[in-house]
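J.: One predicted model, sequence on top.
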Amino acid sequence: MDFLKKAYNLMPVLRESIARPVSGIPEGRIMRDGDSFMLDFGTHVVGYVTLAVNVEKPGGDTADSPLAVEFKFFENLCEDRSEVYTGGMSRSWFQVQTVFADNPYAPIELPRRYAFRYVRITFPANTSYAVSYRDCFVRAVTSADESNVAPLPQNTDPLLKKIDSIALLTLKNCMQTVFEDGPKRDRRLWLGDLYLQAKANYCTFKNNDLVLRCLCLFAGLPHADGCLSSAVFQEPVLRGQNWILHDYALFFVGTLADYYRATGRDDVVKELWPVAFRQTEIAYGAFENEGLKAPVNMYFVDWCPGLDKSCAALGILVSMLRDALYLAKIAGTKAQADTLAREIENVSGALAAAYDPSEKIFRTPEGQLSVHSQMWAVLAGVLQPSENASVMRETLRRKDLVRPVTPYAMHFLTEALIRSGLKDEAFDLIKDYWGAMAAKGFDCFPEVFVPENPDASPYGSVAMNSYCHAWSCTPTYFIRTFGI
């Protein structure tokens, strides 16, 4: 199977719409020599910007030099701190562009795609002429079809409606030619993000071909040993990222299982099954080599500083082995199904050994207590249902656990609560956590959110954080799947 050719044939057509600013328009203002203004488009947009100005030349003479225009785009106004950024990630992710227009009378069309709500426009050059604002608009793009999204029932909690609308915009703006992690940064396809985006897509935009395209891109770009990259670059050339994360590679299995549940396409399962099974072989092989202890440096889990990932990694491995067993039965591979069943038993035993029944909690070998250990142990299903509920109640009660810092990790906590039969607690969590983001005025849900630490960032500055990030979109999945 030529997976890359299949992915190419599934390239989506981007839908376009025009967006214009709602405030900040400098009506009638004459500008030159460092003058600037900031436009507010009223909501987060992703697309291509056009600016048009009027040339103001005394005596009616024509402009005699290029017009310099500096654009600075912000998803969130905190990105204005970029001038003092000292983090390790490249400054080139900041959305800044200077244009020299030889013909200032013609509209200036920026060729690069930007993701933003605000744009500051400055005229830095000392030209002999001035300019005034004529027009600015964005040709917004997405592969999401909003007509497929069903309205929520009228009696839906107003806060959940608000959270759902923000989640929908987050997913929509990340749906481009692939499911991007963020349209500002990194603008690429990550397997962990895809796993969550696909769940939200099935109950909203229903662009199932885009999910299949992404699966085929990963399947067509494996490492030499068959392990999948954690991410795929489309530019400057199509390639897989060098990083290998076992949890992300395993989420290929989970994404394929969810795709089958949504579409019933066993032909796709049979085509992609060898790729999926290979991820389980590699991850389980590393587990065995570590002596029944997960190789935790190969798992992401969360950005949380100091997190001991050992229990969470085992939980992820068991969860994805269970999805692999489900797929093996569809693909008709009994020998592989038998192998997976044995592996599930072995890894489940290693994880269950970390359970302290007296405290109803999982401890890592070093004794660390974290939300991550509890939620992934529950999702792995190594305890009885009643015990799972006790673990999750204890997780919510205790204040001494290492806590998640990303909406990505909070998704799995929410899922674990629902899996444990604690649906009310799950929806309280959605309203408390994602609702806090809504209360702060976020247009889309961000990459990192710690309510008690607004400056939290894995990059050394909140200016580098992504403020429309795919792994944050799943409240719409929970609301539409379990709330109505």
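T.: All right, it came through fine. Numbers count the residues shown, from 1 in each chain.
J.: quick one: contacts of stretch 329-341?
T.: The contact list for stretch 329-341, computed with CB atoms under 8 Å, 6 or more residues apart in numbering, reads 260, 266, 269-270, 273, 277, 280, 321, 324-325, 328. No exception for glycine: its C-beta is placed from N, CA and C like everyone else's.
J.: Please pick the buried ones from those.
T.: 260, 269, 273, 277, 280, 321, 324-325, 328 (16 or more other CB atoms under 10 Å).
J.: Include distance to His372 and pLDDT when you put the contacts of stretch 329-341 into CSV, please.
T.: Listed next are these as CSV, based on distance: CB to CB, whole Å; pLDDT from 0 to 100:
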residue, distance to His372, pLDDT
Tyr260, 28, 98
Asp266, 34, 97
Val269, 30, 98
Lys270, 34, 98
Trp273, 29, 98
Phe277, 27, 98
Thr280, 21, 98
Leu321, 19, 98
Ala324, 22, 98
Leu325, 24, 98
Ala328, 28, 98
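J.: closest to Lys5 among those residues?
T.: Lys270 (17.7 Å; CB to CB).
J.: List phi and psi for that closest one.
T.: Lys270 adopts backbone torsions of phi -70, psi -30, taken as degrees, to the nearest 10.
J.: ok, it to Ala63 distance?
T.: Separation of Lys270 from Ala63 (CB to CB, to the nearest Å): 64 Å.
J.: same thing with Lys161?
T.: Separation of Lys161 from Ala63 (CB to CB): 50 Å.
J.: which one of the two has more residues nearby?
T.: Ala63 (19 against 15; other CB atoms under 10 Å).
J.: I'd guessed that one sits against Pro104; true?
T.: Yes: if you go by CB atoms under 8 Å, Ala63 and Pro104 touch, sitting 5.1 Å apart.
J.: Am I right that Cys227 is in contact with Ala249?
T.: Yes: the criterion here is CB under 8 Å, and Cys227 meets it with Ala249 at 5.6 Å.
J.: can you list residues touching both of these two?
T.: When contacts are counted by CB under 8 Å, 6+ apart, Cys227 and Ala249 are jointly contacted by 279, 282.
J.: More neighbours: these two, which one.
T.: Each of Cys227 and Ala249 has its neighbours counted (other CB under 10 Å); Ala249 has more, 28 against 21.
J.: if I've got this straight, that one is in a strand?
T.: No: counting by DSSP: H, G, I helix; E, B strand; the rest coil, one finds Ala249 to be helix, located in no strand.
J.: hmm, who's touching stretch 203-217?
T.: 3-4, 6-7, 10-12, 143-146, 148-149, 168, 171-172, 175, 178-179, 189, 194, 198, 201-202, 232, 238, 252, 255-256, 259, 262-263, 268, 272, 476-477, 480-481.
J.: average pLDDT for it?
T.: Taken as a whole, stretch 203-217 has a mean pLDDT of 98.
J.: Could I have the CA atoms of stretch 446-462 written out in CSV?
T.: Taking Å, rounded to 0.1, in the frame of the first residue of the first chain, the C-alpha atoms of stretch 446-462 are listed here in CSV:
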residue,chain,number,x,y,z
PRO,A,446,-4.6,27.4,24.6
GLU,A,447,-1.8,25.0,24.7
VAL,A,448,-1.1,25.5,28.4
PHE,A,449,-3.4,26.6,31.2
VAL,A,450,-2.7,26.6,34.9
PRO,A,451,-5.4,28.7,36.7
GLU,A,452,-3.2,29.6,39.6
ASN,A,453,-0.2,30.4,37.3
PRO,A,454,-1.1,32.5,34.3
ASP,A,455,2.5,32.8,33.2
ALA,A,456,3.0,29.0,32.9
SER,A,457,4.9,28.1,29.8
PRO,A,458,7.3,25.2,28.8
TYR,A,459,9.2,27.7,26.6
GLY,A,460,10.2,30.3,29.2
SER,A,461,7.6,32.9,28.1
VAL,A,462,3.8,32.9,27.6
